[in-house]
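Participant: Here is my input; please provide its structure:
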Amino acid sequence: MKLPEKGLSPEEILRRLETYRSDDMPWREGRTWAYIYDPGREAEEVIHRAYTMYLTENALDPTVFPSTLRLENEVIGIAAEHLGGDDQVVGNFTSGGTESILLAVKAARDYARKTRPGIERPEMVLPVTAHAAFQKAGHYLGVEPVLVPVDPVSFRADVEAIRRAITPRTILLVGSAVSYAHGVVDPIPEIAALARERAIWLHVDACMGGFLLPYFRRLGAEFPDFDFRVDGVTSISMDFHKYAFAAKGASSVLYRSREYRKCQMYACANWPGYTVINATVQSTKSAGPVAAAWAVLHFFGDEGYLEIARRVKEATEKVVRGIEAIPGLRVLGRPDMNLVAFTSDEASVFHIVDEMRARSWYVQPQLAYPGSKENIHLSINPTSVRWVEDFLRDLRDAVESAKKLPPGKLAALVREHLPAGGSFDENTFDALAAAAGIEGEKLPSRMAEINEVLNALSPAQREELLVEFLDRLYRPVR
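Facilitator: All right, here's what the predicted structure looks like:
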């Protein structure tokens, strides 16, 4: 693909972009119960204006654009206060939860290098429900993840399992508030006591729940303490682009003191150019996201967020009761927030997902993992609230329809012909894709059979298959 010989008019550019996104999920309708955190049109307008005001300001060097430093310090000050931090708590604004987690793992690793020299292969102990970003961080940073099981009923972290997994090479313990898959808060006070006992860094991943949980507690919800009020918590990650409704990407990582935060930073004067000094992973970066986060925090204010939380909490409770009243469905765990996972022993959840899609709902399938049956995941947002009755009615109908649909044949063939530890070559992938109805980057309208195949594979095989698929998606247009 070549650049156009002559530039296009603004009208033509925007027309083409509108055409490009014609097949995207219509998220503003409130029927997409995953991925989207919609604050409503009025807030969206404020966010857009703030973002574009700072679109070209470069937050790389806060001495050149001091307003970007002020915005970040004020946003992080709000985060620290929100998470029970004292005057010693510090932090930084990041591009998202994954960057926040990467930085926390780096800081824990480098702090261990300073205080516990001689650890050649550091480890971090992760409940299996800890976000996959920790394993990604370990892959990038040379910190080995040690996965431990969680309670099979509550899906909260098992403190004794964590204790048994600690070795002289353990530099980091992790807990979630909330875990994404099941929406529950881990027993952070007990994990923190263990961290204090063994003098190990504890990071709380509150990317998903850190902003909303304090409001749920004010509204009467009960769950374990999780923030800096818990002695032994060293660092916390919290996203703004989830339930503070900031524009993507907007997250934060906070530390109990500057001593820990310094290990996050990077400097390099060992080259002939300008000295590189970065607080976070990115160097050059638009100040748009931090300006937009500042704007939305001030747009809603404490009262506005409390009212949003009240509506979302009531809707979540209604959804959970409604799911439990549908024959054949059961909720996994007892969600502490507005993330709900449910499964069925009578119908394929993957057929239910397709049936809901046919009724203009998007819900997220989650594959089986030891201790957690394949299930459907919901993220309940403010724009979802008005649809709860319709959603539950259609879900009941979808379950009844799914009960009549047989499993596909492809998963059985994969189980039969692919060894448990077997891998895929390109020919095998091509044959599997053709049988599943995948044509290039276009997926079939019904995904149950593809999800059944993935569900039949080991986690390692799923990773291999999906990497092959993703690699084929990203091809330059010629």
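
Participant: I'd like to know which elements the helix or strand harbouring residue 319 is packed against.
Facilitator: For residue 319, the enclosing helix or strand under DSSP states H and E is helix 288-324. Contact partners of helix 288-324 among helices and strands, from 3 or more C-beta pairs under 8 Å, 6 or more residues apart in numbering; DSSP states H and E: helix 41-53, helix 66-82, strand 90-94, helix 213-218, strand 329-331, strand 339-344, helix 388-403. Every C-beta, even on glycine, is put in place using the N, C-alpha and C of the backbone.

Participant: and these, which one's lowest on average pLDDT?
Facilitator: Among those, helix 41-53 carries the lowest mean pLDDT, a mean of 92.

Participant: What residues sit buried inside that one?
Facilitator: In terms of neighbour count (16 or more other C-beta atoms under 10 Å), helix 41-53 has its buried residues at 43, 46, 47, 50, 51.

Participant: send the alpha carbons of it over as PDB?
Facilitator: Taking C-alpha atoms only, helix 41-53 is exported to PDB below (Å, rounded to 0.1, in the frame of the first residue of the first chain):
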ATOM      1  CA  ARG A  41     -22.100  11.200  26.400                       C
ATOM      2  CA  GLU A  42     -21.700  14.300  28.500                       C
ATOM      3  CA  ALA A  43     -18.600  13.000  30.300                       C
ATOM      4  CA  GLU A  44     -17.300  11.700  27.000                       C
ATOM      5  CA  GLU A  45     -17.400  15.100  25.500                       C
ATOM      6  CA  VAL A  46     -15.400  16.600  28.400                       C
ATOM      7  CA  ILE A  47     -12.900  13.800  28.200                       C
ATOM      8  CA  HIS A  48     -12.400  14.300  24.400                       C
ATOM      9  CA  ARG A  49     -11.800  18.000  24.800                       C
ATOM     10  CA  ALA A  50      -9.300  17.600  27.600                       C
ATOM     11  CA  TYR A  51      -7.500  14.900  25.700                       C
ATOM     12  CA  THR A  52      -7.200  16.900  22.500                       C
ATOM     13  CA  MET A  53      -6.100  20.000  24.400                       C
END
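
Participant: Return the distance of the helix or strand harbouring residue 467 from the chain's centre.
Facilitator: Residue 467 is part of helix 459-473 when elements are defined by DSSP H and E. Counting by C-alpha atoms, centre = their mean, to the nearest Å, helix 459-473 is centred 19 Å from the centre of its parent chain.

Participant: and if you look at stretch 88-106?
Facilitator: Using C-alpha atoms, centre = their mean, the offset of stretch 88-106 from its chain centre is 14 Å.

Participant: Can you point out the buried residues in it?
Facilitator: Buried, per 16+ other C-beta under 10 Å, within stretch 88-106: 89-106.

Participant: and the end-to-end length of that stretch?
Facilitator: 20 Å (C-alpha to C-alpha, to the nearest Å).

Participant: ok, residues contacting stretch 240-248?
Facilitator: 37-39, 43, 47-48, 51, 75, 79, 96, 207-209, 211-212, 249-252, 288-289, 292-293, 296-297, 300, 305, 338 (C-beta atoms under 8 Å, 6 or more residues apart in numbering).

Participant: By the neighbour-count criterion, which of the residues you listed qualify as buried?
Facilitator: 37-39, 43, 47, 51, 75, 79, 96, 207-209, 211-212, 249-252, 288-289, 292-293, 296-297, 300, 305, 338.

Participant: Residue 402 contacts residue 347, doesn't it?
Facilitator: Yes: under the criterion of C-beta atoms under 8 Å, residue 402 makes contact with residue 347 at 4.0 Å.

Participant: who touches stretch 189-198?
Facilitator: Defining contact as C-beta under 8 Å, 6+ apart, one finds that stretch 189-198 is touched by 157, 159, 162-163, 166, 170, 173, 175, 200-202, 224-225, 230-234.

Participant: would you put the C-alpha positions of that stretch in PDB?
Facilitator: This file holds the C-alpha atoms of stretch 189-198, laid out as PDB (Å, rounded to 0.1, in the frame of the first residue of the first chain):
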ATOM      1  CA  PRO A 189      -4.500  -8.700  55.200                       C
ATOM      2  CA  GLU A 190      -3.500 -12.400  55.600                       C
ATOM      3  CA  ILE A 191      -1.100 -12.200  52.600                       C
ATOM      4  CA  ALA A 192       0.300  -9.000  53.900                       C
ATOM      5  CA  ALA A 193       1.000 -10.600  57.300                       C
ATOM      6  CA  LEU A 194       2.900 -13.400  55.500                       C
ATOM      7  CA  ALA A 195       4.800 -10.700  53.500                       C
ATOM      8  CA  ARG A 196       5.800  -8.900  56.700                       C
ATOM      9  CA  GLU A 197       6.800 -12.200  58.300                       C
ATOM     10  CA  ARG A 198       9.100 -13.100  55.400                       C
END
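
Participant: Mind listing what's buried along that stretch?
Facilitator: Neighbour counts over stretch 189-198 (16+ other C-beta under 10 Å) mark 189, 190, 191, 192, 193, 194, 195 as buried.

Participant: again with stretch 66-85
Facilitator: Going by 16+ other C-beta under 10 Å, stretch 66-85 has these buried residues: 68-69, 71-73, 75-76, 78-80, 82-85.

Participant: do stretch 390-401 as well
Facilitator: By 16+ other C-beta under 10 Å, the buried positions in stretch 390-401 come out as 391, 392, 394, 395, 396, 398, 399, 401.

Participant: give me the low-pLDDT residue ranges for this structure?
Facilitator: Counting by pLDDT under 70, the chain shows low-confidence ranges at 27, 417, 419-422, 440-441.
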